[in-house]
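Colleague: predicted model, plus sequence, below.
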Amino acid sequence: MCRAIDAALGALLRALAATWRVERRGAPGPAPVVLALWHGELLPLILCHRGRGYRALVSRSTDGDRLAALLQGWGFSLLRGSSSRGGLLALRGGLAALRAGDTVAIAVDGPRGPAGVVKPGAAHLAALGPARLVAARARAPFALRWPSWDQACIPLPFARIIVEYTDLDVNPSDDPEELSAALQAALSRPSAPSP
């Protein structure tokens, strides 16, 4: 029953995404990349990047299992683990993925928040990789906000979505705490005005 519901939900969300008008500002660029994003912007960012073969870090939880099923249906490969469970395995898997030339997507304030506060995993992974660290934001003026800890963004049909990328310079010698602070600043920056 759950698989049928997940399949129906996936089809419904794909149909919703087909109506969106997406404007991209910048690009994630060539891999290896650690693509860092807010948990609350998962839905539009996942749907705007589906089918690209990215690897997504997904927590080992019941909610994570449902998200994993959707992601696999949308062409993502999975890394399972989080700061609270399976973190070392996820780090090893992420390093292997980066060394294979992949892009690894991480919700940097997940899996439990607080929303909008960067945890150090993405910066550590990018420095160890080494890989480029790219902050990704999805802004949708016409969207619903799910009443959850992350205030998940659900853009309405035919919404305009602005996807912005900010590339942070990363060297293996970089201090992960400083990288995390730079990532926090990049993800917290207000949207650039439309040209």
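Modeller: Noted; the coordinates are in hand. Since this is a predicted model, take the numbers as computed values, not measurements. Numbers count the residues shown, from 1 in each chain.

Colleague: and the gap between the residue nearest to residue 133 when sequence neighbours are not counted and residue 157?
Modeller: The shortest distance from residue 133 to any non-neighbouring residue, by CB to CB, 6 or more residues apart in numbering, is to residue 126 (4.0 Å). Backbone N, C-alpha and C define where each C-beta goes, glycine included. Residue 126 is 36 Å from residue 157, where distance means CB to CB, to the nearest Å.

Colleague: which one's more surrounded, the two?
Modeller: Neighbour count, other CB atoms under 10 Å: between residue 126 and residue 157, residue 126 has more, with 29 against 11.

Colleague: just the terminal-to-terminal distance for stretch 82-91.
Modeller: Distance between the two ends of stretch 82-91: 9 Å, counting by CA to CA, to the nearest Å.

Colleague: swap in stretch 165-173?
Modeller: First-to-last residue span, stretch 165-173, CA to CA: 23 Å.

Colleague: so which bits of that stretch are buried?
Modeller: 165, 166, 168, 170 (16 or more other CB atoms under 10 Å).

Colleague: in strands, which of these fall?
Modeller: Under the assignment DSSP state E, the buried residues of stretch 165-173 contribute 165, 166, 168 to strands.

Colleague: could you check the pLDDT of the second one?
Modeller: Predicted confidence (pLDDT) for residue 166: 95.

Colleague: need the pLDDT of residue 1.
Modeller: Residue 1 carries a pLDDT value of 53.

Colleague: repeat that for residue 86.
Modeller: Residue 86 is given a pLDDT of 69.

Colleague: same check, this time on residue 131
Modeller: At residue 131, the predicted lDDT confidence score is 90.

Colleague: I'd say residue 138 and residue 165 touch.
Modeller: No: applying CB atoms under 8 Å, one finds residue 138 not in contact with residue 165, separated by 10.6 Å.

Colleague: picking that back up, just give me the closest of the buried residues of stretch 165-173 to residue 99.
Modeller: Nearest to residue 99 among the buried residues of stretch 165-173 is residue 170, at 14.8 Å by CB to CB.

Colleague: and that closest one, how far from residue 58?
Modeller: To residue 58, residue 170 is 23 Å away according to CB to CB.

Colleague: same question for residue 95.
Modeller: With distances taken as CB to CB, residue 95 is found 17 Å from residue 58.

Colleague: which residue of the two possesses the greater neighbour count?
Modeller: Neighbour tally, residue 95 and residue 58, criterion other CB under 10 Å: the higher count belongs to residue 58, 28 against 17.

Colleague: quick one: residues contacting the more buried one.
Modeller: Residues near residue 58 by CB atoms under 8 Å, 6 or more residues apart in numbering: 64, 67, 68, 71, 78, 79, 80.

Colleague: quick one: pLDDT of the second one?
Modeller: The one in question is residue 67. In this prediction, residue 67 carries a pLDDT score of 86.
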